[in-house]
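Participant: Following is a predicted model, sequence given first.
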Amino acid sequence: MANLLGIDLGTSSVKVLVADENGKILSRGSADYPLLTPKPGRVEQDPHDWWQAAVMAVRQAMTGHPSLDGIGISGQMHGAVLLDHADHILNPAVIWPDQRSSPQVKEITDLIGRERLIEITGSPAATGFQAATLLWFQQNQRDVWRKTRRVLLPKDYLRWRMTGEFATDPSDAAGTLLLDGRNRTWSLHLLEQLRIESRFMPPIHLSLGEAGQLHPEAAAEMGLSSGTPVVVGAADTACSLLGAGMTASSDLLLTISTGGQLITPAKSFVFDRHGQLHTFCSALEPDSQQAGWYLMGATLSAGQSLRWLRDSIFNMLTAEAYPQMIAWAEQARIGADGLIFTPYLLGERSPLMDSQARGTFVGLTIRHGRAELVRAVLEGVVYSLYEMYLLLVENGLRPERVLLAGGGARSRFWMQLVADIFGLPVEKVAVEEQSAYGAALLAGAGIGLFDVVQGAQDWAKVDVQADPNLKAHAQYQELQTVFRAVYQNTRHLFGLN
């Protein structure tokens with residue numbers, strides 16, 4: 001029986017699992033690393049921290065599993081790692097929540113044209129996307145840009161450390177805002193307009209293609225055998241779709257992690273012309289049987305909002321913090337007794353596309369306590385995700401079921417909130433580390449153990465289900481209107497038009 005290693009380089013930690021060729025998880029490992037915030041609105045990470053965490057997590061997962069047949073990699077999207085001519089890191093990696101490139105977002109949109117940009121890439125410009133970050137470096141750190149010779153996405157940096165080979169795949173490249181999404185190649189037009197040399201960008205290969213083999217130095221650090229095949233891998237959301245078995249489905253995958261994503265597959269390059277949703281390439285090649293793209297809405301502060309409440313307000317740093325907070329929320333009434341929270345702690349993507357949006361508590365009174373604060377945060381995150389669902393409905397898509405993944409799926413209470421606010425049945429995916437699971441699946445398909453689509457369907461597992469309470473859904477429909485009005489009536493307070 002073959003053993004497969006899946007590595008997911010997330011925003012706050014790297015998660016690793018070992019699965020056999022039938023999708024049975026044999027072991028797990030994880031390790032954290034910090035977010036660096038050198039100035040307000042700036043979010044960075046040290047790629048060396050990624051590597052050290054990956055080494056630690058792989059060694060943890062491989063305890064008792066001496067043999068390994070293939071490795072797959074998944075990772076956070078959009079970030080930028082800049083290397084010089086000797087492949088040394090020039091600057092901490094600027095990652096997806098970073099807001100410094102707001103002026104460059106406007107410049108890109110004006111230069112290319114909003115509609116034309118969406119037609120090429122499937123997405124509007126947004127802060128944190130690699131294209132805007134690279135333009136920021138051109139204009140604000142010219143000494144760094146002058147020395148730049150390679151630009152990598154986070155997972156591709158990690159794989160380079162493992163194999164010595166530079167590559168990326170269509171799903172991760174789509175998140176740079178530099179890819180021709182329809183043709184799944186770098187857009188020479190966009191690169192030329194933004195003065196980015198095409199030779200800086202890694203070659204694009206299939207997600208299940210072999211990127212190289214684990215070289216001896218990396219193998220020694222990780223406690224693995226050199227020569228182990230390493231596949232190209234895919235972006236975390238694309239791997240999550242595979243891990244959930246969603247290859248050509250009308251189901252909806254909802255991930256509540258540090259950020260939150262709402263994802264549905266598509267068999268053609270369809271996009272939201274208003275730019276409120278993103279269209280990205282999936283880990284699959286497009287054909288009549290499988291979805292080569294997916295539509296996605298993203299909220300920046302999903303689990304991050306609850307973590308902020310835990311750390312910055314309650315100062316609860318024990319392992320029991322989250323269960324205790326959920327228990328408090330269960331004591332509050334639907335709607336948190338009139339308290340509304342907007343989870344825009346890092347600005348917001350879908351559907352607002354507004355880096356200057358700010359989080360708010362509205363309706364706060366002296367009778368509100370910790371129970372209402374927690375429930376308002378939980379509800380606010382789901383309200384923001386439901387706004388994206390309404391956009392899918394407007395575009396003619398009507399999913400009949402929600403698959404819930406990420407850390408938020410651990411909470412049965414949060415799961416029921418999703419069911420009640422969406423008015424749809426919700427099933428929890430059985431494997432929490434969906435992206436690492438999808439990466440391991442790509443490894444198996446990449447070394448020829450099975451067909452990737454059939455493997456995804458065979459591996460997919462769901463756990464518990466929550467059915468919507470229709471009375472609660474009706475109440476939440478009214479509260480959704482209030483939630484939407486909060487942003488519309490406060491945006492001018494933050495210097496917006």
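Facilitator: Received the coordinates, thanks. Everything numeric in this text was worked out from a predicted model, so none of it was measured.
Participant: Please count neighbours and contacts with C-alpha atoms only from this point.
Facilitator: Noted.
Participant: Tell me how many other residues surround Ile204.
Facilitator: Neighbour count for Ile204, taken as other CA atoms under 10 Å: 18.
Participant: ok, it - contacts?
Facilitator: By CA atoms under 8 Å, 6 or more residues apart in numbering, Ile204 lies in contact with Ala167, Thr168, Asp169, Pro170, Ala173, Thr185.
Participant: Secondary structure class of Ala298, three-state.
Facilitator: Here Ala298 takes the strand state, with states given by DSSP: H, G, I helix; E, B strand; the rest coil.
Participant: beta partners for it?
Facilitator: Gln261 (DSSP bridges).
Participant: And Val14, by the same measure?
Facilitator: Under the criterion used (DSSP bridges), Val14 bridges to Leu9, Ala31.
Participant: still on that earlier bit, I'd like the contacts of Ile204 laid out as TSV, including pLDDT.
Facilitator: Shown next, in TSV, are the contacts of Ile204 (pLDDT from 0 to 100):
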residue	pLDDT
Ala167	97
Thr168	98
Asp169	98
Pro170	98
Ala173	98
Thr185	97
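Participant: same for the helix or strand hosting Val464, what does it pack against?
Facilitator: In this structure, Val464 sits in strand 462-466 according to DSSP states H and E. Taking 3 or more CA pairs under 8 Å, 6 or more residues apart in numbering; DSSP states H and E as contact, the helices and strands that strand 462-466 lies on are helix 412-422, strand 426-429.
Participant: right, and these - which one's nearest Arg146?
Facilitator: When those are compared by CA to CA, strand 426-429 sits nearest Arg146, at 45.9 Å.
Participant: For Leu390, see how far away Leu403 is.
Facilitator: 17 Å (CA to CA, to the nearest Å).
Participant: and the strand holding Val464, how far from the chain's centre?
Facilitator: 22 Å (CA atoms, centre = their mean, to the nearest Å).
Participant: For Ala126, find the nearest of the helices and strands packed on strand 462-466.
Facilitator: Ranking these by proximity to Ala126 (CA to CA) places helix 412-422 first, at 26.6 Å.
Participant: phi, psi of the nearest residue to Ser101 once chain neighbours are set aside?
Facilitator: Once flanking residues are discounted, Ser101 sits nearest to Thr127: 5.4 Å by CA to CA, 6 or more residues apart in numbering. Per-residue torsions, Thr127: phi -60, psi 150 (degrees, to the nearest 10).
Participant: So for the strand holding Val464, what gets flagged as buried?
Facilitator: Gln465, Ala466 (16 or more other CA atoms under 10 Å).
Participant: same check, this time on stretch 137-151
Facilitator: Buried-residue list, stretch 137-151, by 16+ other CA under 10 Å: Phe137, Gln138, Trp145, Thr148, Arg149, Arg150, Val151.
Participant: go on, stretch 190-201?
Facilitator: Leu190, Leu191, Leu194, Ile196, Met201.
Participant: What's the biggest helix in the protein, counting residues?
Facilitator: helix 370-394 (DSSP state H).
Participant: Can you list the strands that the helix or strand that that helix is followed by pairs with?
Facilitator: The C-terminal neighbour of helix 370-394 among helices and strands, as given by DSSP H and E, is strand 402-405. If you go by DSSP bridges, strand 402-405 pairs up with strand 252-256 (parallel), strand 426-429 (parallel).
Participant: still on that earlier bit, just send the buried residues of stretch 190-201 back as TSV, with pLDDT and distance to Gln213 too.
Facilitator: Formatted as TSV, those follow (pLDDT from 0 to 100; distance: CA to CA, whole Å):
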residue	pLDDT	distance to Gln213
Leu190	98	32
Leu191	98	30
Leu194	97	34
Ile196	97	30
Met201	98	21
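Participant: Secondary structure and distance to Pro34 for those - can I get that in TSV?
Facilitator: Output for the buried residues of stretch 190-201, formatted as TSV (DSSP: H, G, I helix; E, B strand; the rest coil; distance: CA to CA, whole Å):
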residue	secondary structure	distance to Pro34
Leu190	helix	33
Leu191	helix	32
Leu194	coil	31
Ile196	coil	30
Met201	coil	27
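Participant: Adding distance to Pro92, write those out as CSV.
Facilitator: Formatted as CSV, the buried residues of stretch 190-201 follow (distance: CA to CA, whole Å):
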residue, distance to Pro92
Leu190, 25
Leu191, 23
Leu194, 22
Ile196, 19
Met201, 18
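Participant: ok, back up a step: just tell me which of the helices and strands packed on strand 462-466 ends up closest to Asp8.
Facilitator: So among the helices and strands packed on strand 462-466, strand 426-429 is nearest, using CA to CA, at 16.8 Å.
Participant: correct me, but Gly164 touches His215?
Facilitator: Yes. Counting by CA atoms under 8 Å, His215 is a contact partner of Gly164 at 7.3 Å.
Participant: More neighbours: the two, which one.
Facilitator: Neighbour tally, Gly164 and His215, criterion other CA under 10 Å: the higher count belongs to His215, 19 against 16.
Participant: What separation do you get for that one and Gly223?
Facilitator: 12 Å.
Participant: Over to Gly79?
Facilitator: For Gly79, the distance to Gly223 - CA to CA - is 28 Å.
Participant: out of the two, which sits in the busier spot?
Facilitator: Each of Gly79 and Gly223 has its neighbours counted (other CA under 10 Å); Gly79 has more, 27 against 17.
Participant: and the residue nearest to that one when sequence neighbours are not counted, how far is that from Val81?
Facilitator: Closest residue to Gly79 apart from its sequence neighbours, by CA to CA, 6+ apart: Ile95 at 4.1 Å. Applying CA to CA, the value for Ile95 to Val81 is 9 Å.
Participant: out of the two, which sits in the more crowded spot?
Facilitator: Ile95 (27 against 24).
Participant: Can you check the pLDDT for that one?
Facilitator: Per-residue pLDDT puts Ile95 at 97.
Participant: In contact with it, which residues?
Facilitator: Val43, Glu44, Gln45, His78, Gly79, Ala80, Gly128.
Participant: now these as a markdown table including pLDDT?
Facilitator: Shown next, in a markdown table, are the contacts of Ile95 (pLDDT from 0 to 100):
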| residue | pLDDT |
| --- | --- |
| Val43 | 95 |
| Glu44 | 97 |
| Gln45 | 98 |
| His78 | 96 |
| Gly79 | 97 |
| Ala80 | 98 |
| Gly128 | 94 |
